[in-house]
Every structure is written in structure tokens, then in C-alpha cells.
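*Asks:* Compute the structure for the input listed below.
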Amino acid sequence: MTQSTRHLPTREHLKRKIRIVELGNTGDTRGFSFTAPAEALDFVGRVADLHLASTAPGAVRGNHYHLRKREAIILLPGTAWSLHWDEDEGTPVQHRRFDGSSAVMVLVSPSVSHAVRNDGETPLWLVACSSEPYDPTQTVARKVVYRSV
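*Replies:* Have a look, this model is predicted:
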């Protein structure tokens, strides 16, 4: 793949509304280490925003969708959590639970409402990179999960 095409999402990436991938731990005795695979970088393209966030036990982060931006979210190991999403307005809400034993990458396409709920007892940490700069006018609320577990 050439450098000029590496940063464009492929047709295969555009067909999938959401993709969930467990990341392998390449750490050692010093601690864990996870690398975002090329698939994530290809999906996002040019990284225009990068943020780190924690989510308190029982809290929800998200419950929105983005009009244009693609987002790669990496949730770090440590506590139980669940992902909730739809694939567009009017589609059924789906969910998947995670025990917090490994890092998980979630690739989210535009128009896919998504939310992460911390179902554990300690903070949940995530790192996200996006194809567009943060702009609250380009984020639309659409609930796919509520706070209580």
C-alpha cells in the first residue's frame, strides 16, 4: 500500500459500521503494552484528534454518533465494561460485554451511535483517535444505553 492510499479507508472498512478487535498484549514484566494495528490507522486516516478518558464505575461515556468522523477507541484492561451501539437511526441496539482482561479496539463509523458503560468497580480507561477535530456541532445525542447496570 502506498503512503498516499494508506490513510484512506478501504471499501471493506466503509461497509462495516462497527468493528471490535481484542488486542494482543506484547508487554513483559514491566507491564502491558498494546499497539494499534494498521487497520485502525487505515480506518481513521489522518488523525485529527486524540484523547484519553476515564469512566467512573456505573457511568456511561458516549450515547452519541458523529456526523462525519471515524473513531478508533482502545479500551484498556482493568475492569468489566460493555459496549452498546446501533448501526444507524431506527436499527436495533446491540451490546457486548467484556470482562476487562484485555485491551479492545472498537472502530466506529459515522452515524453509528455508540456508548461504553463501566460495569466494574474501578475506573475504565480509554484512548481514542478520530479522523476529524473535536466539534460538538458534529456530535448528535442518541441513547443506546442507560447508566444503571
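
*Asks:* Quick check: buried residues in the helix or strand where Arg97 lies?
*Replies:* With elements taken from DSSP states H and E, the one containing Arg97 is strand 94-98. Within strand 94-98, the residues scored as buried using 16 or more other C-beta atoms under 10 Å are Phe98. To be clear about C-beta, it is placed using only N, CA and C from the backbone, and glycine gets the same treatment.

*Asks:* What helices and strands are in contact with that strand?
*Replies:* Helices and strands touching strand 94-98, as assessed by 3 or more C-beta pairs under 8 Å, 6 or more residues apart in numbering; DSSP states H and E, comprise strand 81-85.

*Asks:* And for the strand it packs on, what's in contact with it?
*Replies:* Identification of contacts with strand 81-85 by C-beta atoms under 8 Å, 6 or more residues apart in numbering yields 18, 20, 55, 62, 75, 93-98, 100, 104, 106, 108, 112-120, 124, 144-145.

*Asks:* what do you get if the cut-off is 6 Å, keeping everything else the same?
*Replies:* With C-beta atoms under 6 Å, 6 or more residues apart in numbering as the test, strand 81-85 has contacts from 18, 94-98, 112, 114-119, 124, 144-145.

*Asks:* repeat for stretch 41-58
*Replies:* 7, 9, 13, 61, 70, 72, 107, 118, 121, 123-134.

*Asks:* In PyMOL, how would I select the buried members of those?
*Replies:* In PyMOL, this line selects whichever of the contacts of stretch 41-58 come out buried by 16+ other C-beta under 10 Å:
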select buried, resi 9+13+61+70+72+107+118+124+125+126+127+128+129+130+131+132
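
*Asks:* Tell me which residue is most central in this protein.
*Replies:* Closest residue to the average C-alpha location of the chain: Ile73 at 2.9 Å, with C-alpha atoms, centre = their mean.

*Asks:* and whichever helix or strand that one is part of with strand 81-85, angle?
*Replies:* Assigned by DSSP H and E, Ile73 falls within strand 71-75. With axes from the mean of the first three to the mean of the last three C-alpha atoms, to 10 degrees defining the directions, strand 71-75 sits at 160 degrees from strand 81-85.
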